[in-house]
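Student: compute the structure for the input listed below.
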Amino acid sequence: MKHQEYNRLKELVELHILDFLPEIDPKSNTLYDAMRYSLMAGGKRLRSVLLLAACEFCGESANIGLPYACALEYIQTYSLIHDDLPAIDDDELRRGVPTSHMVYGEAIAILAGDGLLSAAFETMNKDMLLYLDDPEILNRKVRAAFEISKGVGCRGMVAGQVADVEAINCQCSKEMLDYIHLNKTAAFIRSASLAGCYLGGGDKERLNDLSIYGECLGLAFQIVNDLQDITGCEKLIGKKQGADCRGHKCTYPTLYGYRESVEKAAELLGRARSVMEKYYDEAEIFNAVIDSLEKALVREDEHA
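Tutor: Predicted structure coming up:
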């Protein structure tokens, strides 16, 4: 049942994901095609589902958060397009298909990412304009957009990405690794959860609990991703195995070792679950995400 609820929200996002893209001049069809190519390449839609789940968790319909959920997917896709470029990760595959720059070239890929990022903020701002006569709802939406801005910008994801690039081929400390992944991965996932809580009108207790949940989940998600880079087959992980190792990146397994990384992820998932325990069935979707990562950890542990 939990996973059915996750899939319900995922399908809602995928049904409407193109609805909020701005209309583009026919002369820019290549730009739209490149944006759409990466946007529709699949994926877990984790951040958008968490946002919609948080809306419902706080008592609102998922529909109030739909423009923001789709905006998160635009941001996530832009970040992946740019990550895959030769200047950063130099990946040829993403989600089992050729990356944007392999299909459209580096210049168009960069611009497609830029287009998706600007589309995300246009989508959120356009939605806010509909509520100028409803200060209470408008306040929620402004707070949600601000939370997303923090999570994905120079105080969040982008800062983590820069630190990640600078740590390549360097002696990386545990403090630096934590900084990288708290910002590169966890900040975005945390902001998605908090944005949904704001949109749903959640109280301070739920905001605090979702903040802890999102951060712990985000860190665990990154550790599992690092582990899968070592053990996962190309078909399963959707990209070439060992990309982090070849790129001399600072990861949990390279710094902590395989076994300790598995234990660290399990500990983080346990903390995420414990903070949501008091909500019982209300936290169904949040627990479904934890279940999925725990299953992935068990698979990784079998390779240890």
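
Student: where does C250 land on pLDDT?
Tutor: We note a pLDDT of 87 for C250 in this prediction.

Student: which SS class is it?
Tutor: Classification of C250 using DSSP: H, G, I helix; E, B strand; the rest coil returns coil.

Student: what of C154?
Tutor: Counting by three-state DSSP, the three-state call for C154 is coil.

Student: what is the burial count for it?
Tutor: As a burial measure, C154 scores 11 neighbours (other CB atoms under 10 Å). To be clear about C-beta, it is placed using only N, CA and C from the backbone, and glycine gets the same treatment.

Student: tell me how far it lies from E147.
Tutor: For C154, the distance to E147 (CB to CB, to the nearest Å) stands at 15 Å.

Student: try K174
Tutor: Between K174 and E147 the distance, using CB to CB, works out to 28 Å.

Student: neighbour count winner among these two?
Tutor: Higher neighbour count among K174 and E147: E147, with 24 against 11, using other CB under 10 Å.

Student: what's the strand or helix carrying the more buried one in contact with?
Tutor: Taking DSSP states H and E as the definition, one finds E147 inside helix 135-152. When contacts are defined by CB atoms under 8 Å, 6 or more residues apart in numbering, helix 135-152 is touched by residues 64-65, 68, 71-72, 75, 79, 121, 124-125, 127-128, 131-132, 156-158, 187-188, 190-192, 194-196, 198-201.

Student: remind me which residues of the stretch 101-250 of the chain are low pLDDT?
Tutor: In the predicted model, the stretch 101-250 of the chain carries pLDDT under 70 at residues 232-248.

Student: what ranges do the helices span in it?
Tutor: Shown for the stretch 101-250 of the chain, the helices assigned by DSSP state H, counting those that start in this stretch span residues 106-129, 135-152, 157-166, 174-181, 187-199, 204-231, 234-237, 243-246.

Student: chain center to the first one: distance?
Tutor: Going back to what we said before, that points to helix 106-129. Its chain's C-alpha centre and that of helix 106-129 lie 16 Å apart, by CA atoms, centre = their mean, to the nearest Å.

Student: please apply the same query to the third one.
Tutor: For helix 157-166, the separation from the chain centroid amounts to 15 Å (computed by CA atoms, centre = their mean).

Student: just the CA coordinates for it, please, in CSV.
Tutor: Presented in CSV, the C-alpha positions along helix 157-166 are these (Å, rounded to 0.1, in the frame of the first residue of the first chain):
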residue,chain,number,x,y,z
MET,A,157,23.3,22.1,-4.1
VAL,A,158,25.5,24.4,-6.1
ALA,A,159,27.9,25.0,-3.2
GLY,A,160,28.1,21.2,-2.7
GLN,A,161,28.8,20.7,-6.4
VAL,A,162,31.7,23.2,-6.3
ALA,A,163,33.2,21.6,-3.2
ASP,A,164,32.8,18.2,-4.9
VAL,A,165,34.7,19.4,-8.0
GLU,A,166,37.4,21.0,-5.8
